[in-house]
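Asks: The amino acid sequence is not available; the structure is as follows:
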């Protein structure tokens, strides 16, 4: 309050005392003092204007009285806006129908990256044909990319923030979360996103993934994706600037780009955690293996080489994640039967080429609330599964029912791959075993079936979960010991965390996790020794400052 009174009343005091100075004998001295006060008030006014501008642009200001007064000015701005804004608002509200199409067109045009063919086609379809489900995914990806770039910018303009609040407050989060389940668990590749992806459950996992919109397809659009250490497919005609606008993070994080190895090292050192993905725009052959494993490199997209409808597609069931999914389908599952279809494919894949009776499927897999499924439900689910899995050179992947027996072929299963890798690692030599440990634990993308609300009881009472926990604990402890022998502390820590996803109640894993050395223990020389640790593929860059303690 004193600052406010000082700022407001000082000009009045200056003007009145200036006139008074001509009536006293020492008026010259008084006028000199008034000039000094006027200069001081002018400096105060300039600082106030600067602090108000910095606060409007979300910049840091010092903690002093002038900055506090600038905060009061910012708080009072909404009450100082002229009434013309209210009149303009009422005129807009008076004609909502006439403004609807214009709003959609302008919003879409702003969301479209420069030269984006997908966005241009989407503009036309929004104006003439309505919005299709797969086009909603395109809008969501473009919107999230813009939001990530605004978050990562050093300064944010008010217009950008207002535009962001209007267009990106809701709508894209659920769609992006669904896309994270669509792309699967492979390190990199290409996927076809169809309208049926709207029915996919949103992913609850923190799994850093970057994607690129490669173009349209008759059934949807093609999406390239990659995780850390992977190779992201991009259009060969894109420039570096176009790559930076078309590559988007599906997780809650952002993407940094580097054009040289020095920029790559700087970006890796400055990133705050795994949420920041670094994309290298240069030639991948210029990087060594350790750096390549810490970033995402680029390659030319293969077009339709890995689309869902391509002859060389591979159907695989993924259960080593919180929510189960089936990748590589020829067609989406029937929406009303999707949960039962996924569980049926998972059960048949879990039992390999073993024929399963229909009664076993009705009483173990399709059962609901301890009530066996009807034969009609079994028949409808089997029809949905057979249509979605499609065929190969041997015929339908869900083979025709013979004497009431159901069997699939050509369907991969991540659980079976995990057990196979663990078995191979036990018989392998040290170096080969180490790579097999890592490859097996990389298949784990979350606590298996943790987000399943009903179904999959057979996974526990048939012993599959116990076997998975047994092999997971063994692989995690084996990799932990091997990594510590190599002085790779980060990989040892990661191995135990992956093992705990498979068996959260393992006392052996928890005890081993407590014994993993911290960064301050590197070299036994306090925190300063961590600066000598190299950049490892264990997803960490060890750094420290060399300043002595201030108390010395």
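Replies: Ah, there it is. Predicted model only: the values in this text are computed from it and were never measured.

Asks: helices and strands of this structure: which one bottoms out on pLDDT?
Replies: One helix or strand of the chain scores below all others by mean pLDDT, DSSP states H and E: helix 96-111, with a mean of 39.

Asks: tally of neighbours for residue 484?
Replies: 18 (other CB atoms under 10 Å). Heads up, the C-betas are built off the backbone N, CA and C, glycines and all.

Asks: can you pull the contacts of it?
Replies: Residues near residue 484 by CB atoms under 8 Å, 6 or more residues apart in numbering: 492, 516.

Asks: For the helix or strand hosting it, buried residues please.
Replies: In this structure, residue 484 is located in helix 464-485 according to DSSP states H and E. Across helix 464-485, burial judged by 16 or more other CB atoms under 10 Å covers 464-465, 468-480, 482-484.

Asks: Tell me what angle the very next helix or strand once past that helix forms with helix 464-485.
Replies: Using DSSP H and E, the helix or strand that follows helix 464-485 in sequence is helix 489-502. Here helix 489-502 runs at an angle of 170 degrees relative to helix 464-485 (axes from the mean of the first three to the mean of the last three CA atoms, to 10 degrees).

Asks: ok, and for helix 489-502, which residues are buried?
Replies: Residues 489-496, 498-502 are the ones in helix 489-502 that count as buried (16+ other CB under 10 Å).

Asks: and that helix, average pLDDT?
Replies: Helix 489-502 carries an average pLDDT of 92.

Asks: swap in stretch 443-458?
Replies: 92.

Asks: That one spans what distance, first to last residue?
Replies: For stretch 443-458, the first-to-last residue distance is 22 Å (CA to CA, to the nearest Å).

Asks: What of stretch 367-383?
Replies: End-to-end span of stretch 367-383 (CA to CA): 18 Å.

Asks: For residue 502, give me its contacts.
Replies: Counted by CB under 8 Å, 6+ apart, residue 502 has contacts 320, 444, 447, 448, 468, 469, 472, 473, 476.

Asks: Including distance to residue 367, could these go into a markdown table?
Replies: Listed next are these as a markdown table, based on distance: CB to CB, whole Å:
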| residue | distance to residue 367 |
| --- | --- |
| 320 | 24 |
| 444 | 28 |
| 447 | 23 |
| 448 | 20 |
| 468 | 22 |
| 469 | 24 |
| 472 | 27 |
| 473 | 30 |
| 476 | 33 |
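
Asks: any idea which of the residues you listed is the one closest to residue 12?
Replies: Using CB to CB, residue 447 comes nearest to residue 12 of the contacts of residue 502, at 69.9 Å.

Asks: Surely that closest one forms part of a helix?
Replies: No - under DSSP: H, G, I helix; E, B strand; the rest coil, residue 447 falls outside any helix and is assigned coil.

Asks: these two touch, right, it and residue 323?
Replies: No - using CB atoms under 8 Å, residue 447 is not in contact with residue 323; the gap is 10.4 Å.

Asks: which residues sit against stretch 22-37?
Replies: Residues contacting stretch 22-37 (CB under 8 Å, 6+ apart): 10, 13, 14, 17, 18, 20, 21.

Asks: Dump the residues you listed to CSV, plus secondary structure and distance to residue 234.
Replies: Shown next, in CSV, are these (DSSP: H, G, I helix; E, B strand; the rest coil; distance: CB to CB, whole Å):
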residue, secondary structure, distance to residue 234
10, helix, 61
13, helix, 67
14, helix, 65
17, helix, 71
18, helix, 70
20, helix, 76
21, helix, 74
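
Asks: would you turn the residues you listed into JSON lines with pLDDT?
Replies: As requested, the contacts of stretch 22-37 are exported to JSON lines (pLDDT from 0 to 100):
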{"residue": "10", "pLDDT": "83"}
{"residue": "13", "pLDDT": "84"}
{"residue": "14", "pLDDT": "83"}
{"residue": "17", "pLDDT": "83"}
{"residue": "18", "pLDDT": "82"}
{"residue": "20", "pLDDT": "81"}
{"residue": "21", "pLDDT": "81"}
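
Asks: Could you single out the nearest of the residues you listed to residue 339?
Replies: residue 10 (72.8 Å).

Asks: tell me the contacts of that closest one?
Replies: By CB under 8 Å, 6+ apart, residue 10 lies in contact with 37, 41.

Asks: Try it again at 6 Å.
Replies: Applying CB atoms under 6 Å, 6 or more residues apart in numbering, we find residue 10 in contact with residue 41.

Asks: how many neighbours does residue 233 have?
Replies: 25.

Asks: Repeat that for residue 457.
Replies: 13.

Asks: Equivalent analysis for residue 60, please.
Replies: Counted with other CB under 10 Å, the neighbours of residue 60 add up to 8.

Asks: in a strand, that's where it is, yeah?
Replies: No - going by three-state DSSP, the assignment for residue 60 is coil, not a strand.

Asks: To what extent is the closest residue to it other than its chain neighbours buried, counted in neighbours?
Replies: The shortest distance from residue 60 to any non-neighbouring residue, by CB to CB, 6 or more residues apart in numbering, is to residue 54 (7.5 Å). Residue 54 has 16 neighbours, counted by other CB under 10 Å.

Asks: so residue 54 is in which element?
Replies: Going by DSSP H and E, residue 54 is part of helix 27-56.

Asks: tell me which residues of that helix are tucked away?
Replies: 34, 41, 44, 47, 48, 51, 52, 54, 55.

Asks: Go through the residues you listed and say which is closest to residue 369.
Replies: residue 55 (57.7 Å).

Asks: Could you tell me how far residue 376 is located from residue 356?
Replies: Going from residue 376 to residue 356 by CB to CB, to the nearest Å gives 18 Å.

Asks: These two - which one has more neighbours?
Replies: Just comparing residue 376 and residue 356: by other CB under 10 Å the higher neighbour count belongs to residue 356, 19 against 8.

Asks: wait, isn't the more buried one in contact with residue 406?
Replies: Yes - counting by CB atoms under 6 Å, residue 356 does reach residue 406; the two are 5.0 Å apart.

Asks: Domain ranges for this structure, per the record?
Replies: Following automatic domain parsing, one finds the domains of the chain at 2-76, 101-300, 314-458.
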